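[1] No letters, just coordinates:
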């Protein structure tokens, strides 16, 4: 995917400031033609963000995500991750599928809520492919140059780079916000050795006194302005955490079985989000409206088949059942729910069985309460 860094001094065409300015404009045009809603260019100085990351890690807010600290300063110094990098081309692609329920689904405890970004095909391959196409278009104009594409796949400070490239500002939930798109979009980066002119960063912050995201977080994970304690975040608990979900947060999870969008959905700027026109982001296998019981009944073979090409597959079948067991534990009592949980008590996984026992205890308590009322 990457082309070895080339010697720019040997190519007068791309060292001319006028041509570089024209090239930057062309890159943005080509990016929009490839389906990106926004393209920006920035340098590699992330010193301010490096200090923030160090403090966040020192506080342990990353939980079990050891990869956040694993690569040292390569995450905040692009030129160390990819030697020769001078600029980063940052892109935004909106992902909200058309005609899907959001907050109303959260009020239906028998349904499974899957984060809206994960309803369709895995975005990593799609965006990386488009970035490769963008690189080829640049190469057709300037000749061989050095580049490497990233889509949430390496130690890259994608939000910080996007903010510096003018794609948005940091909201109080630490998500990148855009006034016409909220935060329901993916980011991708093209590290390059081309000395392109940079765009001004998005300095203005439009959150003001609004604290909707902080108030809406079911587990109180947004502990300060732009500070999220991942150990409390439902997205972390359902996707990144490999072990048992702490009991203190299980009830608050509700029917959220893969990720959580609450802080994004309540943001006032989300109402400006336009539905994605990308067919690959359309919901698959009715994941935008599936019942918890239906998903809990999937065999491992069905899980592997129906999550092929999906971001959901990364958590594996065991954690999928773990998350669904919590959702069923939070669902209203029914004989069908209790029977489904009972059937999983012998599942050959301590992790699954522990969460099933928790869910069964809650279901039985509700059943007893219903009988007492009658």
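    That came through, no problem. Being a predicted model, the structure only gives us computed values, none of them experimental.

[2] neighbours around the nearest residue to residue 40 once chain neighbours are set aside, how many?
    Closest residue to residue 40 apart from its sequence neighbours, by CB to CB, 6 or more residues apart in numbering: residue 165 at 3.0 Å. For the C-beta atoms, the positions are set from N, CA and C on the backbone; glycine is no exception. Other residues near residue 165 come to 27 when the count uses other CB atoms under 10 Å.

[3] Could you pull up the contacting residues of residue 165?
    By CB atoms under 8 Å, 6 or more residues apart in numbering, residue 165 lies in contact with 40, 41, 42, 88, 89, 90, 198, 199, 201.

[4] 7 Å - rerun?
    The contact partners of residue 165, by CB atoms under 7 Å, 6 or more residues apart in numbering, come to 40, 41, 42, 88, 90, 199.

[5] any weak-confidence spans in the stretch 1-150 of the chain?
    1-15 (pLDDT under 70).

[6] what ranges do the helices span in it?
    Taking DSSP state H, counting those that start in this stretch to define them, one finds helices in the stretch 1-150 of the chain at 17-33, 47-58, 67-70, 78-81, 103-106, 123-142.

[7] Mind checking those helices for the one nearest to residue 365?
    Nearest of these to residue 365, taken as CB to CB: helix 103-106 at 22.7 Å.

[8] who's in contact with residue 87?
    Residue 87 makes contact with 41, 42, 43, 192, 194, 195, 196, 198, according to CB under 7 Å, 6+ apart.

[9] Leaving out chain neighbours, which residue sits closest to the fifth one?
    Closest residue to residue 194 apart from its sequence neighbours, by CB to CB, 6+ apart: residue 145 at 5.6 Å.

[10] and that neighbour, backbone torsions?
    Main-chain dihedrals, residue 145, degrees, to the nearest 10: phi -150, psi 170.

[11] burial measure for it, as a count.
    By other CB under 10 Å, the residues close to residue 145 number 21.

[12] ok so, going back, now, the contacts of residue 165 that are in strands?
    Applying DSSP state E to the contacts of residue 165, the entries found in strands are 40, 41, 42, 88, 90.

[13] Only the buried members of the residues you listed: can you turn that into a ChimeraX selection?
    Entered in ChimeraX, the line below selects the buried ones among those, by 16 or more other CB atoms under 10 Å:
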select :40,41,42,88,90
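
[14] Turn the ones in strands among the contacts of residue 165 into a markdown table, columns for distance to residue 238.
    Output for the ones in strands among the contacts of residue 165, formatted as a markdown table (distance: CB to CB, whole Å):
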| residue | distance to residue 238 |
| --- | --- |
| 40 | 31 |
| 41 | 35 |
| 42 | 32 |
| 88 | 30 |
| 90 | 28 |
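
[15] mind checking how far residue 169 is from residue 269?
    According to CB to CB, to the nearest Å, residue 169 stands 10 Å off from residue 269.

[16] Next, show the common contact partners of the two.
    Residues within reach of residue 169 and of residue 269 at once, by CB under 7 Å, 6+ apart, are residue 177.

[17] So the closest residue in space to residue 322 that isn't next to it in sequence, which state does it fall into?
    Of all residues not flanking residue 322 in the chain, residue 355 sits nearest, at 4.9 Å (CB to CB, 6+ apart). Secondary structure assignment for residue 355 (DSSP: H, G, I helix; E, B strand; the rest coil): helix.

[18] per-residue confidence for residue 355?
    Residue 355 is assigned a predicted lDDT (pLDDT) of 98.

[19] give the contact list for it.
    Here residue 355 is in contact with 322, 325, 326 (criterion: CB under 7 Å, 6+ apart).

[20] did I read that right, residue 309 in a helix?
    No: under three-state DSSP, residue 309 falls outside any helix and is assigned coil.

[21] Can you get me a residue count around it?
    Using other CB under 10 Å, residue 309 is surrounded by 13 other residues.

[22] ok, the closest residue to it other than its chain neighbours to residue 333 distance?
    Leaving aside its chain neighbours, residue 309 sits nearest to residue 121 (4.9 Å; criterion: CB to CB, 6+ apart). Residue 121 sits 36 Å away from residue 333, going by CB to CB.
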